[in-house]
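Undergrad: coordinates only, no sequence provided:
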């Protein structure tokens, strides 16, 4: 496991809608407006989070802790269950990406940053998880995106997303999912806004009924393949983030 720059390790992640944004998004921001996405209503604890220039954003079907430093999410949280995904099956993908006007312009990615970058706009909360047309539209916010290797996005990462949905459909209750990026000591950047390119991506899955958790961990390149999930404890060790501060996770 490679070592990360101290600031990056401390944050690790994991770390256009203009006038119309007022109609599409909830009026409140901050996780107090959307505690339902977090186990025990407690959001992850990110050490030295102020270094990320964090801003909490609530959407209809997910929540984002956004970084004005990396111009990507620190993490994205969802609460999924069988009914939620059954509703999502009928929603048409919009593909209308946009810069979220709730973020200061100096802290957000722009569409032009991704243009001809060679990277996909990789969803952290997947479009296929969205249960309504409005939630689908919101999922294309660049605040929910990271620069992702194209084949990685289309194949192994898509497989991880599909495997997560299959698990949710079998689960007996709510499943909480937290997804995010992890950066190298000197991150590659794209575009005039210098949006950070993750070295790794992870997806944490917590079953609220069984109390079990595991995480998918994958390098952000086109050669990698999805491996076996890692433990919750290993994810915390690699990232420094306490994702589930309100519960004792079963191994």
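TA: Thanks, I have the structure now. Just so we're clear, the structure is a prediction, and the values are computed from it rather than from any experiment. Numbers count the residues shown, from 1 in each chain.
Undergrad: list the contacts of the longest helix belonging to the chain.
TA: Using DSSP state H to define each element, the chain has its longest helix at helix 156-170. Residues from elsewhere that reach helix 156-170 (Cβ atoms under 8 Å, 6 or more residues apart in numbering): 80-82, 84-85, 122, 126, 128-129, 148, 175, 177, 201, 203, 205, 207, 216, 218, 224-226. Every C-beta, even on glycine, is put in place using the N, C-alpha and C of the backbone.
Undergrad: drop anything exposed from those residues.
TA: The neighbour count (16 or more other Cβ atoms under 10 Å) marks 80, 84-85, 122, 126, 128-129, 148, 175, 177, 201, 203, 205, 207, 216, 218, 224, 226 as buried among those.
Undergrad: looking at the residues you listed, which are in strands?
TA: The strands, defined by DSSP state E, take in 80, 122, 148, 175, 177, 201, 203, 205, 207, 216, 218 from the buried ones among the contacts of helix 156-170.
Undergrad: show me what contacts the closest residue to residue 181 other than its chain neighbours?
TA: Among residues not flanking residue 181 along the chain, residue 198 sits closest, at 3.4 Å (Cβ to Cβ, 6 or more residues apart in numbering). Taking Cβ under 8 Å, 6+ apart as the criterion, residue 198 is in contact with 72, 146-148, 181-183, 187, 220.
Undergrad: show the buried residues in those residues.
TA: Among those, those buried by neighbour count (16+ other Cβ under 10 Å) are 72, 146-148, 181-183, 187, 220.
Undergrad: bridging residues for residue 213?
TA: Beta bridges link residue 213 to residue 206, judged by DSSP bridges.
Undergrad: tell me how far the residue nearest to residue 181 lies from residue 219.
TA: Counting by Cβ to Cβ, to the nearest Å, the gap from residue 198 to residue 219 is 9 Å.
Undergrad: now do the strands in the stretch 51-200 of the chain.
TA: Here the stretch 51-200 of the chain has its strands, by DSSP state E, counting those that start in this stretch, at 54-58, 63-67, 72-80, 119-123, 145-149, 175-182, 189-190, 195-196, 200-207.
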